[in-house]
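Enquirer: okay, sequence plus prediction incoming.
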Amino acid sequence: MAQALRAKSTNIFVWILLLLLIVGLAGFGAGSFGGSFSSVGSVGDEKVSIKTYIRALNNQINQITQQTGQQFSLDQARVLGVDRQVLEQVLAIAALDGQIKQAGISVGDAAVKSQLMDIQAFKGLDGKFDEKAYEFALKQADLSASEYDELLRNENARLLLQNAVSKGIKSNDTYALTLLKFHRQVRSFSWARLSESNLDKPISEPSNSEVDKFYLEHAEKYTSPESKEISYAYLSPEMLFSNIEIETEELKKLYNDNIDQYFMEEKRSVQRLVFSNQVEATNAYSLLQAGSKTFEQLVIGRGLTLEDISLGKIGPTDLDTQASDGIFKSKELGLYGPYSSDLGPAIYQVNAVFDGNVTSFEEAREDLELTKKSEYARKLIDGMIEDLDDLLASGATIEELVLDSEMELKKTSFNLNNDISGVESSNEFKIEANKISEDDYPTLLNTASGSILAMRLDSITPPTLQTLETVKDEVVSDWKKAETIIQLKLVANNLSQKVKNGENFSNLGLVTNDIKGILRSGSIEGLPQSIIPKLFKIKLGEISQENSEKSVFIAKLNSITDFDETAAENKKWIEYLSSQRDAQLAQDYLESFIVAVQDLEGVSIDQKSLNAIQASIGSSQ
């Protein structure tokens, strides 16, 4: 029941406190439920009220909505299991509430008041407790003051119980050291790349028997995947363009309505430092001109940062006339002023210049026509959909659909490995083609591009081995690549033996690359990633090999540096991992305690109440 707790990066106590403090909750309430429903479940004698569950569910859905930027419904929440997760969380809290009551754990009014006064959501602009903010927040959360005080009191009591169960857990460093000695060990090595140029002679052309053998041994490479032979009727907005005429006046109106897209004023990236009077500004500017101070030093001297005084990217109309004329008459970066501003005399620093751009109506006409034709074509297609749906519903075939509309008939041999384009590359087409069966009737589909289509599966072509004649050139090329690697591995084995006998890469005519101190998770440009783990499995002085499609790589292990647990910088790693382990253990202890309480006291769930809640919420959305 408490398994959902593990998925949270924070514990349930932080979660529920945030739940209670969220301001501006909008959604559904408990007011529509009659007296027949009072709780959604219980742990022993401790009940979870409908109000508590609804508040928790509402908050969770609102949080997801804020994170995704899209309205999140209860149906979507149920698909993701959010409703069950919330139920588990409130039942876990109920288990703890029952235990604090049995143990007589509580906190005094002074502690509750102190916490209440310190809650940021209830503070005004002066940083002090604001009665109106407090009342507004409680109203939004559908809580009375007494209910909220009781929630805070219970929250503090649960924290006391949590600390008693899980605080003080301290493991030794074995766990951290085991991980660090494995992951933070570093190795140094030398490596070289062998290519076709390292062979004594070029790879010769394969014989017919070698080609035949390679073709049969790698038949899967030359086998076409299963494909679906599909007929489909298709209509795109572009197919209607030739029948659509757009008046010039309409295009001019569209141009003027979107003039900001075609008239980009010249802009500057500007910082502004304001002074209390003109003398102060002039003196500061003199210091800048003399080189006695930098602009940044002046800013810092005022207790500000460059970010604090940034105006961002602005145009001429964003500044007073004097400053605008002075700054925009030049394209030079640097200091300008002092000029007057609405806040007082100021020195300006220009950091970047952005040239303006004007696109005339004639220059934009082609794009404007495309936009309007697309708009009208989509409307025309939308107007056809109902009639086309009726035709398909009455049993019309794909071919009949084409005869009765502007749609075109096309055929394709579809599989997901095809190099496809046009409507066949759309997600809607691929999804439908992937799942369609011979028993399916054609239905009308809309694509994101505004196109419509209806498809029929004619037949399925099973995976087919292409004839050798068809793929012979590919087979020969693949054989030569494979034979190159075989011969390079023989060369690599010979060179590796010489290195073991005391030779070094340079003496053997190889371009050597020396790598110092790499971790298991490291990577080297130009070297296959797969060779790194191999280097952590061999002994000092030994050699490892790896190959890519065209090359073979050899690497000699030169040194091994173990993790030094006594080094000052490494002690931080040990402390960090140990603290993470302790936090996880504490969470596991708490979770186990909750599960044990629920097993002992018994958990009951009122499914009728939950169904009523879901029905009420669903009807209100």
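Expert: Great, that's in hand. All figures in this text were calculated on a predicted structure; none of them were measured in a lab. Residues are numbered from 1 along each chain as shown.

Enquirer: residue 330 versus the spatially most central residue of the chain, what's the distance?
Expert: Within the chain, the residue whose C-alpha comes closest to the C-alpha centroid is residue 68; the distance, by C-alpha atoms, centre = their mean, is 10.6 Å. From residue 68 across to residue 330, the span is 46 Å (C-beta to C-beta, to the nearest Å). The way it works is simple: take the backbone N, C-alpha and C, and place the C-beta from them, glycine included.

Enquirer: same deal with residue 360?
Expert: Relative to residue 330, and taking C-beta to C-beta, residue 360 is found at 27 Å.

Enquirer: ditto for residue 51
Expert: 66 Å.

Enquirer: for the two, indicate the residue with more neighbours.
Expert: residue 51 (18 against 12; other C-beta atoms under 10 Å).

Enquirer: do I have it right that that one meets residue 142?
Expert: Yes. Checked against C-beta atoms under 8 Å, the pair residue 51 and residue 142 is within contact range at 7.1 Å.

Enquirer: what's the neighbour count on the nearest residue in space to residue 192 that is not next to it in sequence?
Expert: For residue 192, the nearest residue in space outside its immediate sequence neighbours is residue 510; the separation is 3.9 Å by C-beta to C-beta, 6 or more residues apart in numbering. As a burial measure, the neighbour count of residue 510 was computed by other C-beta under 10 Å and equals 18.

Enquirer: is residue 510 within a helix or a strand, and which one?
Expert: For residue 510, there is no host helix or strand (DSSP states H and E).

Enquirer: any idea how far the residue nearest to the centre of the chain is from residue 542?
Expert: 52 Å.

Enquirer: report pLDDT for the residue nearest to residue 53 when sequence neighbours are not counted.
Expert: Closest residue to residue 53 apart from its sequence neighbours, by C-beta to C-beta, 6+ apart: residue 40 at 4.5 Å. Model confidence at residue 40, given as pLDDT, is 89.

Enquirer: the residue nearest to residue 192 against residue 191, yeah?
Expert: No. Taking contact to mean C-beta under 8 Å, the distance of 9.3 Å between residue 510 and residue 191 leaves them out of contact.

Enquirer: wait, residue 241 touches residue 373, no?
Expert: Yes. Here residue 241 lies in contact with residue 373, judged by C-beta under 8 Å, at a distance of 4.9 Å.

Enquirer: more neighbours: those two, which one.
Expert: Of the pair residue 241 and residue 373, residue 373 is the one with more neighbours under other C-beta under 10 Å, namely 19 against 14.

Enquirer: buried ones in the strand or helix carrying that one?
Expert: Taking DSSP H and E as the definition, residue 373 sits inside helix 361-393. For helix 361-393, burial by neighbour count (16 or more other C-beta atoms under 10 Å) applies to 364, 368-369, 372-374, 376-377, 381, 384, 388, 391-392.

Enquirer: for stretch 59-76, same thing?
Expert: Residues of stretch 59-76 classed as buried: 59-62, 64-65, 72, 74 (neighbour count, 16+ other C-beta under 10 Å).

Enquirer: narrow these to those in helices?
Expert: Using DSSP state H, the members of the buried residues of stretch 59-76 that fall within helices are 59-62, 64-65, 74.

Enquirer: residue 237: which of those is nearest?
Expert: Proximity of these to residue 237, judged by C-beta to C-beta, is greatest for residue 65, which lies at 33.1 Å.

Enquirer: for the closest one, which non-adjacent residue is spatially closest?
Expert: Beyond its immediate neighbours in the sequence, the residue positioned closest to residue 65 (C-beta to C-beta, 6+ apart) is residue 72, lying 4.4 Å away.

Enquirer: and the one you found, what does it touch?
Expert: Contacts for residue 72 (C-beta atoms under 8 Å, 6 or more residues apart in numbering) come out as 61-62, 64-65.

Enquirer: which of those sits closest to residue 612?
Expert: The shortest separation between residue 612 and any of these is 17.5 Å, and it belongs to residue 61 (by C-beta to C-beta).

Enquirer: thinking the closest one is in contact with residue 77, fair?
Expert: Yes. A contact is recorded between residue 61 and residue 77 when judged using C-beta under 8 Å, the distance being 5.5 Å.

Enquirer: which residues are in contact with each of these two?
Expert: Between them, residue 61 and residue 77 share no contacting residue under C-beta under 8 Å, 6+ apart.

Enquirer: what's the domain layout of this protein?
Expert: What the record gives for the chain is the domain set 3-168+584-620, 186-219+470-561, 227-240+380-462, 266-355, from automatic domain parsing.

Enquirer: any chance you could map the strands in the stretch 151-300 of the chain?
Expert: Across the stretch 151-300 of the chain, reading from the start of the chain, the strands by DSSP state E, counting those that start in this stretch fall at 186-194, 223-224, 227-235, 263-264, 267-274.

Enquirer: for those strands, which one sits closest to residue 453?
Expert: strand 227-235 (4.6 Å).

Enquirer: so what touches that closest one?
Expert: Taking C-beta under 8 Å, 6+ apart as the rule, strand 227-235 contacts 381, 384, 398-399, 401-402, 405-415, 418, 423, 429, 433, 436, 442, 451-461.

Enquirer: buried sites along it?
Expert: By neighbour count on 16+ other C-beta under 10 Å, the buried set for strand 227-235 is 227-228, 230-235.
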